[in-house]
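A.B. asks: Got a predicted model here, sequence first, then my questions.
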Amino acid sequence: MKLEKRKQFIVNFLYFAIILGAIVLLTRYALGALMPFVIALLVSLLLKPAVALFHEKLKVPRGIGGIVLVVLFYALIGFLLAIIGVQLFSAAKSFFLLLPSLYIDVIAPWFSNLFASLQTFVGKLDPDTAAAYNAVVSNVTTSLGDTVVNVSKQVVGWVTNLTLKTPGFLLKLLITVIATIFLTVDFPKIKAFVMRQLSVRMRDLFHNARVQLGHTLWSYTRSYALILIITFTEIALGLSIIGADNALGIAIVIALFDILPVVGSGLVLLPWTIFTLFSGDLKTGIGLGILYIVVIVVRQIMEPKIVGDRVGLHPLVTLLSMVLGTYLFGGIGLLGLPITVALLHALNKQGAIHLYKLLDDNADGSEAAAGSDSPQTSSGVVPAPEHEQPIDEKPKRSAKRAPKKQ
């Protein structure tokens with residue numbers, strides 16, 4: 001019996017390992033090519049209620065309504081991204097154009113004063129090391145200058161590379177729009193075709209997965225909306241204490257960046273802190289650095305707790321899913337793996353799949369450990385073992401025996 005259980009465990013382990021390996025390979029090597037169709041499917045599902053409303057209530061043909069809604073959706077997204085991109089490009093351009101003069105006027109004098117103070121201190125301790133120290137200072141200064149030049153060259157190369165990739169990006173965007181139109185217009189037909197290929201059990205599982213996925217995504221949306229509000233509040237409060245101008249507007253921008261996977265609030269706060277410190281405003285720079293640390297620490301603590309509570313996962317499981325998702329799948333895995341784990345947990349709890357055993361809500365740990373070996377009565381009292389049951393005494397015979405029949 002034990003040998004059979006071990007064989008079954010090995011078979012199940014290899015089965016899930018193969019599935020996981022296929023998902024990892026697909027995500028790493030094929031997701032780039034399939035991404036236009038994945039985005040098209042998500043947008044089509046998002047626009048599905050609006051298309052149904054136009055078709056059923058307003059009597060607009062499904063094809064025309066779907067095309068109009070898809071074009072309007074991508075036009076709106078493109079307009080917003082264009083505005084954000086222009087602002088970011090303008091800010092980055094100003095920063096990198098200012099970087100050489102900032103190095104000459106601010107960074108280099110600051111380091112010179114720092115090295116002069118250190119040289120005086122070292123000379124007092126050991127005058128013989130002054131020459132070696134001067135050589136080290138000269139090398140460090142030269143390295144900093146080379147670093148500034150290399151950063152400028154890398155930025156120019158990055159912009160050139162981005163320009164060369166623009167035609168490919170536009171082609172993928174066109175494929176995404178066309179695929180979204182096809183999926184939106186013919187969604188009922190495509191769904192019916194896919195359902196015909198599945199068994200009844202798989203149809204039920206697919207339906208349950210779709211419903212649970214909607215609930216999970218809604219829970220994640222509420223969770224990250226709450227995280228965004230908390231991040232905005234602490235950044236706005238911190239910038240107000242520091243005395244920054246337009247604290248509310250800057251807090252909104254940083255909070256929106258903090259929601260993005262991998263990027264986070266450091267994209268704004270960290271360069272701002274470094275720039276302020278080198279500019280000589282130590283009070284503001286230290287305040288921004290403390291605010292950046294507070295935002296990171298609070299985010300790392302509250303995100304697993306808030307997300308885990310709303311989607312029904314333990315915070316430790318949520319945190320582990322985020323770390324493994326980022327390691328295996330990059331930025332997509334930061335949200336993708338926790339959502340997948342939450343979906344599997346919901347389906348397992350519902351009984352649609354059976355991945356692991358669940359603890360009865362009315363049972364505590366000792367009862368779960370005892371299992372079926374310690375049954376309880378309806379009143380909750382465990383009956384005594386059979387050999388401990390009191391033995392009824394035999395009924396006493398009457399003193400007089402009945403007369404025998406003749």
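C.D. replies: On my side now, so go ahead.

A.B. asks: Assign a three-state SS to Lys59, would you?
C.D. replies: Three-state assignment for Lys59 (DSSP: H, G, I helix; E, B strand; the rest coil): coil.

A.B. asks: just wondering, since we're on it, how far is it from Leu53?
C.D. replies: 11 Å (Cβ to Cβ, to the nearest Å). From N, CA and C alone the C-beta is placed, and that goes for glycine too.

A.B. asks: and these two? which has more neighbours close in?
C.D. replies: Higher neighbour count among Lys59 and Leu53: Leu53, with 13 against 8, using other Cβ atoms under 10 Å.

A.B. asks: Distance-wise, check that one relative to Val60.
C.D. replies: Relative to Val60, Leu53 is positioned 9 Å away (Cβ to Cβ).

A.B. asks: what's the answer for Gly264, then?
C.D. replies: Gly264 sits at a distance of 42 Å from Val60 (criterion: Cβ to Cβ).

A.B. asks: pull the helix or strand with minimum mean pLDDT from this structure.
C.D. replies: Lowest by mean pLDDT, DSSP states H and E among the helices and strands of the chain is helix 365-370, with a mean of 44.

A.B. asks: center of this protein - which residue?
C.D. replies: Leu335 (2.7 Å; Cα atoms, centre = their mean).

A.B. asks: any idea which helix or strand carries Leu198?
C.D. replies: For Leu198, there is no helix or strand it lies in under DSSP states H and E.

A.B. asks: count of neighbours near it?
C.D. replies: By other Cβ under 10 Å, neighbour count at Leu198 equals 12.

A.B. asks: In terms of helices and strands, where is the nearest residue to it once chain neighbours are set aside?
C.D. replies: With sequence-adjacent residues excluded and distances taken as Cβ to Cβ, 6 or more residues apart in numbering, Leu198 is closest to Phe206, at 6.4 Å. Phe206 belongs to helix 200-242 when elements are defined using DSSP H and E.

A.B. asks: tell me the average confidence for that helix?
C.D. replies: Per-region confidence: helix 200-242 scores 84 on mean pLDDT.

A.B. asks: what phi and what psi does the backbone show at Ile353?
C.D. replies: phi -130, psi 170 (degrees, to the nearest 10).

A.B. asks: give the contact list for the closest residue to it other than its chain neighbours.
C.D. replies: Nearest non-adjacent residue to Ile353, counting by Cβ to Cβ, 6+ apart: Leu347, 4.8 Å away. By Cβ atoms under 8 Å, 6 or more residues apart in numbering, the residues touching Leu347 are Leu205, Asn208, Ala209, Gln212, Ile353.

A.B. asks: Model confidence for Leu347, exactly?
C.D. replies: With respect to pLDDT, Leu347 scores 80.

A.B. asks: same check, this time on Val38
C.D. replies: Val38 is given a pLDDT of 85.

A.B. asks: Please, which helix or strand holds the residue lying closest to Leu316 once chain neighbours are set aside?
C.D. replies: In this structure, Leu316 finds its nearest non-sequential neighbour in Pro304, 7.3 Å apart by Cβ to Cβ, 6+ apart. Using DSSP H and E, Pro304 maps to helix 282-311.

A.B. asks: Point out the other helices and strands that the following helix or strand past that helix packs with.
C.D. replies: Next in sequence after helix 282-311, counting helices and strands by DSSP H and E, comes helix 315-329. On a contact count with 3 or more Cβ pairs under 8 Å, 6 or more residues apart in numbering; DSSP states H and E, helix 315-329 meets helix 282-311, helix 331-350.

A.B. asks: Quick check: mean pLDDT of helix 315-329?
C.D. replies: pLDDT averaged over helix 315-329 gives 80.

A.B. asks: Could you list the buried residues of it?
C.D. replies: Within helix 315-329, the residues that count as buried by 16 or more other Cβ atoms under 10 Å are Pro315, Val317, Thr318, Leu319, Leu320, Ser321, Met322, Gly325, Thr326, Leu328, Phe329.
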